[in-house]
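Chemist: I need the structure of the sequence given here:
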Amino acid sequence: MSTAGPPHGATAPSGGSAVREATNVGASFGRMERTPGSAPMGDINMTPLIDVMLVLLVIFIITAPLMVSAVKVDLPKASATAVTEAGAPTLAVAIDKDGTVYVRDQALTGPALEQALRAAAAQNPDTEVQLRADRAVPYGHVVAFMAMANGAGLSRVGFVAQAPQ
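Modeler: Below is the predicted model of the structure:
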């Protein structure tokens, strides 16, 4: 009997296969071959960039109408009832489209207008100014008259509008 062969039922390894079997055994215990590291990405991920741009677009679409600085307004006619108190003194003032101010149907300008307003305030400081301003009168003229009336001591100003037809 020869003692140089493989045990009963085993086959003899052919040249170099014992080394291969050793590496396979080592791989099963966690030893792995080293792979080259991942290469850096050469392109940009566009999805987050597009998301941010869409959010900004929506924000600008919503806020753009709010940022309008000058809006031309044609004020409508009003259908309201008079709210003057019974027995309260009133001062009828009208401003025509040329900007001329009429106090009790008398055209007044500058110092004469201020004097008429001060006289009305001296009679009764609760006098209400009923202001009829033409639609074509610039808003600045109306505000200037209101400031003049307030400076004279008349703080109650009512706007008279035409009833709709």
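
Chemist: quick one, what contacts M146?
Modeler: M146 makes contact with 131, 157 under the criterion CB atoms under 8 Å, 6 or more residues apart in numbering. (Glycine included, C-beta is placed from N, CA and C.)

Chemist: now do 10 Å
Modeler: 129, 131, 154-155, 157, 159 (CB atoms under 10 Å, 6 or more residues apart in numbering).

Chemist: Select the longest helix from this structure.
Modeler: Looking across the chain with DSSP state H, the single longest helix is helix 46-63.

Chemist: elements contacting the helix or strand just after that helix?
Modeler: Counting by DSSP states H and E, the next helix or strand C-terminal to helix 46-63 is strand 90-95. Helices and strands touching strand 90-95, by 3 or more CB pairs under 10 Å, 6 or more residues apart in numbering; DSSP states H and E, are strand 101-103, helix 110-123, strand 128-133, helix 139-152, strand 156-159.

Chemist: who wins for proximity to P40 among the ones you listed?
Modeler: Of all the helices and strands packed on strand 90-95, helix 139-152 sits nearest to P40, with 64.4 Å by CB to CB.

Chemist: so what's A112 up against?
Modeler: Counted by CB under 10 Å, 6+ apart, A112 has contacts 101, 103, 106.

Chemist: residues near the closest residue to V103 other than its chain neighbours, how many?
Modeler: Nearest residue to V103, sequence neighbours excluded (CB to CB, 6 or more residues apart in numbering): A116, at 4.9 Å. A total of 18 residues lie near A116 under the criterion other CB atoms under 10 Å.

Chemist: Let me see the contact set for A116.
Modeler: So A116 contacts 91, 93, 101, 103-104, 106, 108, 152 (CB under 10 Å, 6+ apart).

Chemist: how close does it sit to T109?
Modeler: 11 Å (CB to CB, to the nearest Å).

Chemist: likewise A64?
Modeler: According to CB to CB, A64 and T109 sit 44 Å apart.

Chemist: same thing with D96?
Modeler: Per CB to CB, D96 is found 12 Å from T109.

Chemist: Same question for A161.
Modeler: 25 Å.

Chemist: ditto for L117
Modeler: From L117 to T109 the distance is 12 Å (CB to CB).

Chemist: what do those two both touch?
Modeler: By CB under 10 Å, 6+ apart, L117 and T109 have these common neighbours: V101.

Chemist: Which of the two has more residues huddled nearby?
Modeler: With neighbours defined as other CB under 10 Å, L117 and T109 compare such that L117 has more, 25 against 10.

Chemist: residues in contact with the closest residue to the more buried one other than its chain neighbours?
Modeler: Residue nearest to L117 in three dimensions, not counting chain neighbours: A152, with 3.6 Å by CB to CB, 6+ apart. A152 is in contact with 113-122, 129, counting by CB under 10 Å, 6+ apart.
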